[in-house]
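A.B. asks: Quick check, what structure comes out for this input:
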Amino acid sequence: MRPKSALRPTRLPFPWFSPLAAAAIVVVTSACAGESKPNIVLIVSDDQGYADYSSRGTGQVDTPHLDRLETQSRVFNSFYVEPACAPTRASLLTGRSFIRTGVWSVHFGGDYIGLGETLLPQVLASAGYVTGHIGKWHSGKTPGYLPHERGFGSAVITTMHDHWQNAMAVNEAPRRLADAEYYGPRPDAGWNVDRVNTEAARFLAEHRDRPFFLQVAYVEPHAPWEASEELRAKYKARGQSDRFASLNALIEQMDRSIGRLLADLDRLGLAENTVVLFLSDNGYVHHNVGRFAGELDEHEIAQRNPRHLRGQKGTIYEGGILSPLYVRWPSHIKPGATGFLSHVTDLLPTLADLGRVPAANLPGRLDGRSLVPALLDPAATQPDRIVFGSAMRVPARGRKQSPPLAAGRDLDAERTRLDYQEAHLYARDPRFKLVKGARNQLELFDLRDDPSESHDVSARFPADKQRLEVALRSWFASVLEEPLPFASPTYLIGRSPAGVLLFNGAWKLTGDFRGNELWALSSSATQAGSSVEWHVRVERPGAYTVWLQADIAGADRRVALQAGTQRIDAALSPGSLHQLGRIEIGADVQRVTFTLVNPGSDSKPGIADLWNVVLEPVMDSH
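C.D. replies: Below is the predicted model of the structure:
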């Protein structure tokens, strides 16, 4: 192990950060002298509210395994995540605010971590860790952005919302049902939680003899709330509605899976030297889709929210961004609760410290700071700090929604319109939280006395309001200096057997292409000349067979695909999978454009739902 004098603290971006990170490394070095590096298991749940636990709720759900983990852990009760799935994962994996990293949404191309970012598994791998990912990814959907290409030595990737028959894939993107015609039917998979346990047990057994980092990212309890009939019947017997019983059954089903994962650590003799972390990626969602679709009623919501936290997923109020963080390391971390102000960006520097990663291997600019002082010293004092956050979309001048999902979307131009006055942001210190809404509306909350954010105390504490707003403006200005805010992803052509261009990740739209809140880009493209344009990087120039996934209801449709100076035109027949032909793509191509040339002469839409273009290399040309 390197001598203490060779260890340097994580380099942090703002001068008001305290030097505790440097002291933390000394603490870790002393505590771990002569020991092997700890293993790390990071567990992330999906859309689990702050009180969706039997230890924190009103008896509405049973989570005995998470409750037991809580009693064995250092528990951070003032731990902040981001307002939705992809943003939290970006902040966790980079140690930087998601809005800096290329992520700005959960779809529409806003869920891609930029390729220039250094990710947590890369940091830990540089210090000798074996790394693995199991479960939901949501940090890039196409080749070049998948976990096994971003530092994880192995990855079992799930689709994002399926609890039953989840189309898991090993070291490749999982295949949606809509892809069945191209890829073939997916195999019988059973319950997602059971497959997670099988894959986790395999990883632990294979790598038990060297330090490992395993990220287990559940899709539970994200809607649709589908769970085993056995557990649903249990909660129905308590008088719960079908909808509420399904949610709580799904949470308990995940809890049982976490219990099996922890039991595997015990069985393999790994628990004592394994740091286990648990968090949710964002706050409550009270609306279900699919079976038993609809809203929970007021009584059910009250049972989930006994602290009366304001807001839910997608907001920057407490109900959307507050999650407990559990950290267990037997014989090193003393269990107990702390109100230590902390943020999901803190996890990268914290785990780097625990894994004794050389400072030279860390990203140069982090928003997070190490929590090791609070982990290893129950008497550690709260440093003076401010954490910042943003809603997913930052409105631009003249836009109700930014980036727009309809024609006129041009992300390169849109980035010049980002407007602090319209942004939804917050700044939180150990006592106060400033929330900035549209049109520069400011609210100040004293969370020490008002955790439900019910009373604006701006008039009582004007100096604190001004102090936090100055800091917030400075932070937002630093975000806009980054190269990636609101950038569209650069799709890689030639990285894998098939390059994929997602329609909802387009850089530029013209005509009447219009986005929706799910996957497809358009439900009624009718105008000739309407086009979609992507940024691309060609890693293997040559000939490609072009496939289009789009629902075509009528005849006489014609489309074109252009890459640089090369163009192919094709006629489409009714169906959802279409082979357009071959195209030569040169190494210098940076943009690919798809155009609806002729929408047809009947009354049906020229193109209904658009999904993606698949570029399959012609092997003898590469």
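A.B. asks: Which parts of this protein belong to which domain?
C.D. replies: If you go by automatic domain parsing, the domain ranges for the chain are 39-357, 393-480, 490-621.
A.B. asks: Report the distance from the first one to the chain centre.
C.D. replies: Its chain's C-alpha centre lies 10 Å from the corresponding centre of domain 39-357 when counted by Cα atoms, centre = their mean, to the nearest Å.
A.B. asks: same question for it, mean pLDDT?
C.D. replies: For domain 39-357, mean pLDDT is 93.
A.B. asks: what's the neighbour count on the nearest residue to Ser458 once chain neighbours are set aside?
C.D. replies: With Cβ to Cβ, 6 or more residues apart in numbering as the criterion, Ser458 has its nearest non-adjacent residue at 4.4 Å, and that residue is Leu444. Where you see a C-beta, it was placed from the backbone N, CA and C, and this is true even at glycine. By the measure other Cβ atoms under 10 Å, the count of residues near Leu444 is 23.
A.B. asks: Surely Leu444 and Asp429 touch.
C.D. replies: No: using Cβ atoms under 8 Å, Leu444 makes no contact with Asp429, being 10.9 Å away.
A.B. asks: residues shared between the contacts of these two?
C.D. replies: Leu468 (Cβ atoms under 8 Å, 6 or more residues apart in numbering).
A.B. asks: center of this structure - which residue?
C.D. replies: Of all residues in the chain, the one closest to the mean position by Cα atoms, centre = their mean is Ala86, 2.4 Å from it.
A.B. asks: picking that back up, mind checking how far the helix or strand hosting the residue nearest to Ser458 is from the chain centre?
C.D. replies: In the assignment (DSSP states H and E), Leu444 maps to strand 442-446. Counting by Cα atoms, centre = their mean, strand 442-446 is centred 27 Å from the centre of its parent chain.
A.B. asks: and the residue nearest to His161 when sequence neighbours are not counted, how many neighbours?
C.D. replies: Spatial nearest neighbour of His161, chain neighbours left out: His222 (5.7 Å); criterion: Cβ to Cβ, 6+ apart. As a burial measure, His222 scores 23 neighbours (other Cβ under 10 Å).
A.B. asks: Spell out the secondary structure type for His222.
C.D. replies: State at His222, reduced to three classes by DSSP: H, G, I helix; E, B strand; the rest coil: coil.
A.B. asks: what residues are up against it?
C.D. replies: Asp46, Asp47, Cys85, Met160, His161, Val285.
A.B. asks: what do you get if the cut-off is 6 Å, keeping everything else the same?
C.D. replies: Asp46, Asp47, His161 (Cβ atoms under 6 Å, 6 or more residues apart in numbering).
A.B. asks: Compute the number of surrounding residues for the last one.
C.D. replies: Using other Cβ under 10 Å, His161 has 16 neighbouring residues.
A.B. asks: Need phi/psi at it.
C.D. replies: phi -140, psi 10 (degrees, to the nearest 10).
A.B. asks: and the gap between it and Leu92?
C.D. replies: His161 sits 20 Å away from Leu92, going by Cβ to Cβ, to the nearest Å.
A.B. asks: Check the first one too.
C.D. replies: Using Cβ to Cβ, one obtains 13 Å as the distance from Asp46 to Leu92.
A.B. asks: For these two, indicate the residue with more neighbours.
C.D. replies: Leu92 (29 against 23).
A.B. asks: helix or strand for the more buried one, which one?
C.D. replies: Using DSSP H and E, Leu92 falls in helix 85-94.
A.B. asks: just Thr545 next, same as before
C.D. replies: strand 542-552.
A.B. asks: Now do that strand, average pLDDT.
C.D. replies: In this model, strand 542-552 has an average pLDDT of 93.
A.B. asks: That strand pairs with which strands, parallel or anti?
C.D. replies: Partners of strand 542-552 in the sheet, by DSSP bridges, are strand 575-585 (antiparallel), strand 610-617 (antiparallel).
A.B. asks: which of these sits most buried?
C.D. replies: Highest mean neighbour count of these: strand 610-617, a mean of 22 (counted as mean count of other Cβ atoms under 10 Å).
A.B. asks: which residues of the stretch 1-150 of the chain fall in strands?
C.D. replies: Here the stretch 1-150 of the chain has its strands, by DSSP state E, counting those that start in this stretch, at 39-45, 74-80, 130-135.
A.B. asks: Compare those strands and give me the one nearest Pro64.
C.D. replies: Pro64 sits nearest to strand 39-45 of all those, at 15.4 Å, using Cβ to Cβ.
A.B. asks: ok, and what's touching that closest one?
C.D. replies: 211-218, 274-278, 280-281, 351.
A.B. asks: What helices and strands are in contact with the longest helix along the chain?
C.D. replies: When the chain is parsed with DSSP state H, its longest helix is helix 242-267. With contacts taken as 3 or more Cβ pairs under 6 Å, 6 or more residues apart in numbering; DSSP states H and E, helix 242-267 sits against helix 64-71, helix 192-206, helix 229-236.
A.B. asks: Tabulate those helices (CSV), appending distance to Pro143 and mean neighbour count.
C.D. replies: As requested, the helices and strands packed on helix 242-267 are exported to CSV (distance: least, Cβ to Cβ, whole Å; neighbours: other Cβ atoms under 10 Å):
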stretch, distance to Pro143, mean neighbour count
helix 64-71, 35, 18
helix 192-206, 22, 19
helix 229-236, 38, 16
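A.B. asks: so which of these comes closest to Glu453?
C.D. replies: helix 64-71 (24.6 Å).
A.B. asks: okay, the angle between that closest one and strand 74-80?
C.D. replies: With axes from the mean of the first three to the mean of the last three Cα atoms, to 10 degrees as the basis, helix 64-71 and strand 74-80 are set at 100 degrees to each other.
A.B. asks: now helix 64-71 against helix 242-267, angle please.
C.D. replies: 60 degrees.
A.B. asks: Columns mean neighbour count and distance to Tyr145 on top of the strands of the stretch 1-150 of the chain, output as TSV?
C.D. replies: Formatted as TSV, those follow (neighbours: other Cβ atoms under 10 Å; distance: least, Cβ to Cβ, whole Å):
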stretch	mean neighbour count	distance to Tyr145
strand 39-45	24	18
strand 74-80	22	26
strand 130-135	26	13
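A.B. asks: Adding distance to Asp242, write those strands out as a markdown table.
C.D. replies: Output for these, formatted as a markdown table (distance: least, Cβ to Cβ, whole Å):
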| stretch | distance to Asp242 |
| --- | --- |
| strand 39-45 | 22 |
| strand 74-80 | 32 |
| strand 130-135 | 27 |
